Every structure is written in C-alpha cells, then in structure tokens.
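Participant: whatever this is, show me its structure:
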Amino acid sequence: MNFTYKDQIHPEKLLFKIELDDKSNAIVKFTKTYHLQSHRLLADAGFAPKVIYYEEILAGWKAIIMEDVSDYYHHALELSLSAKKNLRFAIETILHANNFVHGDLRNSNVLVNNDQDICILDFDWAGQTGQARYPIFINIDENLWHSDVRPGGVIREEHDLY
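Facilitator: Predicted coordinates for the structure are as follows:
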C-alpha cells in the first residue's frame, strides 16, 4: 500500500499521520507485537479505528494502517460516567466475550467524542485470555494498574475493568 508520511504523532513512538493515494488521512503504526483480531473485533463494533491494512514486514515488525479518528475523538484527562459505561460495555460484551483481553486501557489509549462514545487504541499487549502477558518493562504505578499486574504477568479480564 502506498502512502505519504505527513507527521510523526509522538517523538518516541513509531506512529505517523499519513495520506493515502486517495488523499484520505490515516495513521500508520509500526510495532513488534499487535493483536489484530482484537482490534478488528472492536473496530467492527465501532469501538476502535477501522483497520485499513495490515502487513508483517521485516524482522518481525508489523505495519498497521488504520483510520484517523482525530477529527472526531480526543483524549480526556478523565472519562465521564457515560464514557466509562461505554468502555465497560465494549470490553465485556465484545473483547472478553470473545476470550480476548486488552491489557492497556489507560486514558492515553481511550479516546472519547462529544457524545461520550469511546474509541480504543493500542492493541500491542492485547491477546487471548489466559495467554496474553504484560511486557517485562512495564512501569508498575499503583494509581494506573490493578494490584495484581506484574511485569511479564498474565493479563486478566479484571485488569481491563480496573
């Protein structure tokens, strides 16, 4: 798939705004780990950006091109009660019901729009319930994580609901 780089979204992440050949905007992410099935499940239900293209490239790297939702969704310092209910619904009835976990539902990975609809990002740690694990390098901050979260530990459904 051909595209033109427009801007790097974060200086420490391989995440870029791009323009596709049809002149539409999108996001491309390069990562070593990604759970495409979880992303697609939530995207199909309207709770994540649509996946436009996915490819496993060199040396285990993956390229994911997804819809750019930045015109409609934004980061919130704290989610409203309505947005939290929408997030819980998406996680329990779609992700967990299909035996998947996300693992990283911090505010930086949950966008919200003016109607309090949510859009979930970053499926790097997501995976099969009972098999997906936190990275070894995770920074355990008691304010951000469930008390059972450990570096290299299994990601559990209750962690997603913390």
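Participant: flag the shaky bits of this protein, pLDDT-wise.
Facilitator: Counting by pLDDT under 70, not a single residue of the chain qualifies.
Participant: residue contacts, the closest residue to Lys50 other than its chain neighbours?
Facilitator: In space, not counting the residues next to it along the chain, Lys50 is nearest to Glu67; the distance is 4.2 Å by C-beta to C-beta, 6 or more residues apart in numbering. Every C-beta, even on glycine, is put in place using the N, C-alpha and C of the backbone. Contact criterion C-beta atoms under 8 Å, 6 or more residues apart in numbering gives Ala26, Ile27, Ala43, Pro49, Lys50, Val51, Ile52 as the residues in contact with Glu67.
Participant: let me see the ranges of the strands in the protein.
Facilitator: Under the criterion DSSP state E, the chain contains strands at 3-8, 15-20, 25-31, 51-56, 62-67, 74-75, 100-101, 110-112, 118-120, 127-128.
Participant: name whatever forms a beta bridge with Ile27.
Facilitator: Beta-bridge pairing for Ile27 (DSSP bridges): Lys17, Met66.
Participant: tell me how many other residues surround it.
Facilitator: Counted by other C-beta atoms under 10 Å, the residues lying close to Ile27 total 19.
Participant: is it true that it touches Asp68?
Facilitator: Yes. With contact defined as C-beta atoms under 8 Å, Ile27 and Asp68 form a contacting pair (5.1 Å).
Participant: okay, and the common contacts of these two?
Facilitator: Contacts common to Ile27 and Asp68, judged by C-beta under 8 Å, 6+ apart, are Lys17, Pro49.
Participant: wait, what's in contact with Ser108?
Facilitator: Contact analysis of Ser108 by C-beta under 8 Å, 6+ apart lists His75, Asp122.
Participant: wait, I meant Met1
Facilitator: Leu20, Ile52, Tyr53, Glu55, Ile65.
Participant: how about the third one, nearest residue that isn't a chain neighbour?
Facilitator: It stands for Tyr53. When the adjacent residues along the chain are set aside, Tyr53 lies closest to Ile65, with 4.1 Å between them (C-beta to C-beta, 6+ apart).
Participant: my guess is that neighbour meets Ser24, correct?
Facilitator: No. The pair Ile65 and Ser24 fails to qualify as a contact (C-beta under 8 Å) at a distance of 10.8 Å.
Participant: ok, back up a step: make TSV out of the contacts of Met1 and add distance to Ile120 and neighbour count.
Facilitator: Compiled in TSV, the contacts of Met1 are given as follows (distance: C-beta to C-beta, whole Å; neighbours: other C-beta atoms under 10 Å):
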residue	distance to Ile120	neighbour count
Leu20	22	17
Ile52	17	18
Tyr53	19	13
Glu55	22	10
Ile65	17	21
